[in-house]
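Colleague: Quick one: sequence plus predicted model below, questions after.
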Amino acid sequence: MKHGRIAGWGKYVPKKVLTNSDLERLVDTSDEWIVTRTGIRERRIAGEGETTMTMSVAAARQALDRAGLRASELDLIIVATSSPDYMLPPVSSMIQDRLGAQCGAFSLVAGCTGFVYGLATAQQFIASGAYQNVLVIGAEIISRNIDWTDRNTCVLFGDAAGAVVVQASDTPTGVLSFRLGSDGSGAEHLMVHGGGVVMPMSQRVVDERAHYIRMNGREVFKFATRVLARAALEAVEGAGLAMDDVDLLIPHQANLRIIEVAARQLGLPMDKVFVNLERYGNTSAASIPVALVEAIEQGRITENSTVVMVGFGAGLTWASAVVKMGALDRPRYALWRSIPGRARARARVAMRTLSMRAGALLLPLYARVTRR
Ligand code: ACO
């Protein structure tokens, strides 16, 4: 059986920062309330021209670059998002086109849990031998589906994109086990009522602000603290491991208090738990891949690290995966990539100019030789 190694990873976060004090000017809230209830200090908001597609493509290019892979070598693209550019076409096809990939692509909706669902799906295509290289993206622009007059939700979310390349490998790395869960009986606790087939888009939907996310925070909180630790433990046991074997837990970055409860229930010290929600807020399906990328960049994940990812979200859904990291070096073009970015760009221009000049010189010579 083939294993699905995480061969590349990338992220994109918009430049615009929205702090808690910025929010104090929008709704009746305070930095103190947001920090003590959630742990969030600031979040990123997509700017004009930025869409789920453009952010996904930026994250994907970084992941492909790190994997030493061209987009044309991809066999499948899976995009987890609840905020696609359009209802139709699926944003996955727009991403496939912009990347220049020639493969199948589909979008997957499982709320904030989507990325882990995507990762587990990618692993199946690899394990079956069907595909070699699968790109999994988690990307959201939640800021455009948020009611900026509703303090219950607008302080929580942010925009971002994360991507990984899952590549077939003979060594037992990548997803060792996973658990997927769903309990639709809690659907009403996190919902966008308008814009679907039950309540198609209309003036009434807009007037009632039914096209925005509505959330029963307390119920989602209770649900999250009920499922998070259990899902993580089930995946760890499914991999034949114990919690002591886990090097890093990457939970969905929704609320620091939820994460701390889960860590306590699992008996994990917080230094084995990755948290970056203070800078990004809840970026839904992007939260876990962005955290994964930052954990690697910060050296919190190294070769052979055992990582547990666990998410929860709308549906209600939850999912966990145990991932063994393989080699983190860049297999191809390693020397080229070791050159700093600006120097690399200059070298690329110089090489292009040189090859054009050489072409201009050689062409008349070639024409003269072939005329004889
Ligand atoms: N600023 C100030 N006060 C606020 C704010 C705010 N931004 N938001 C709510 N309040 C008020 C409420 O109105 C309430 O006032 P009341 O007691 O007079 O009614 C009070 O604060 C306390 O509200 P609670 O709901 O009890 O606050 P709680 O401690 O539960 O924290 C929170 C609220 C942060 C939303 C928490 O419940 C939570 O994080 N829940 C989980 C949410 C989540 O993770 N959602 C994402 C799911 S993933 C996905 O798929 C999108």
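Modeller: Received the coordinates, thanks.

Colleague: which secondary structure element contains Ala59?
Modeller: Counting by DSSP states H and E, the element that carries Ala59 is helix 52-67.

Colleague: From the chain's centroid, how far away is stretch 35-47?
Modeller: Stretch 35-47 sits 17 Å away from the centroid of its parent chain (Cα atoms, centre = their mean, to the nearest Å).

Colleague: before we move on, the earlier item: got the angle for whichever helix or strand comes after the helix holding Ala59 vs helix 52-67?
Modeller: Downstream of helix 52-67, the next assigned helix or strand under DSSP H and E is strand 76-80. Orientation of strand 76-80 against helix 52-67 (axes from the mean of the first three to the mean of the last three Cα atoms, to 10 degrees) gives an angle of 130 degrees.

Colleague: what's the domain layout of this protein?
Modeller: 3-324, 346-371 (automatic domain parsing).

Colleague: re the thing from before, for the helix holding Ala59, which helices and strands make contact with it?
Modeller: Contacts defined by 3 or more Cβ pairs under 8 Å, 6 or more residues apart in numbering; DSSP states H and E place helix 52-67 against strand 3-12, helix 91-99, strand 133-140, strand 160-169. For every residue, glycine as well, the C-beta is placed using N, CA and C.

Colleague: mind listing what the nearest residue to Leu266 once chain neighbours are set aside touches?
Modeller: Nearest non-adjacent residue to Leu266, counting by Cβ to Cβ, 6 or more residues apart in numbering: Ala229, 5.0 Å away. Each residue near Ala229 by Cβ atoms under 8 Å, 6 or more residues apart in numbering is listed here: Val261, Ala262, Gln265, Leu266.

Colleague: what do you get if the cut-off is 6 Å, keeping everything else the same?
Modeller: Ala229 makes contacts with Ala262, Gln265, Leu266, as judged by Cβ atoms under 6 Å, 6 or more residues apart in numbering.

Colleague: Next: Gly238.
Modeller: Neighbours of Gly238 in contact, by Cβ under 6 Å, 6+ apart: Ser177.

Colleague: Now it, what are its backbone angles?
Modeller: Backbone torsions of Gly238, given as degrees, to the nearest 10, read phi -60, psi -30.

Colleague: where along the chain do the helices fall?
Modeller: Assigned by DSSP state H, the helices in the chain fall at 20-24, 31-38, 52-67, 91-99, 114-127, 151-154, 203-207, 217-238, 256-266, 277-280, 287-297, 334-337, 341-371.

Colleague: Any idea which of the ones you listed has the lowest pLDDT on average?
Modeller: Note on the helices of the chain: lowest mean pLDDT is at helix 334-337, with a mean of 58.

Colleague: returning to what we had before: next, the angle from the helix holding Ala59 to strand 160-169.
Modeller: 40 degrees.

Colleague: Mind listing residues that contact helix 52-67?
Modeller: If you take Cβ under 6 Å, 6+ apart as the criterion, helix 52-67 is touched by 7-12, 81, 83-85, 91, 94-95, 98-99, 135, 137, 139, 141, 161-165, 330.

Colleague: ditto for stretch 245-264
Modeller: 38-39, 112, 224-225, 228-229, 268, 270, 272-274, 277, 282, 287-288, 291-292, 300-301, 305-312.

Colleague: That one: end-to-end distance?
Modeller: 16 Å (Cα to Cα, to the nearest Å).

Colleague: Flag every buried residue along that stretch.
Modeller: For stretch 245-264, burial by neighbour count (16 or more other Cβ atoms under 10 Å) applies to 246-256, 258-263.

Colleague: Closest one to Gly194 out of the contacts of Ala229, please.
Modeller: Ranked by distance to Gly194 (Cβ to Cβ), the contacts of Ala229 are led by Ala262 at 32.7 Å.
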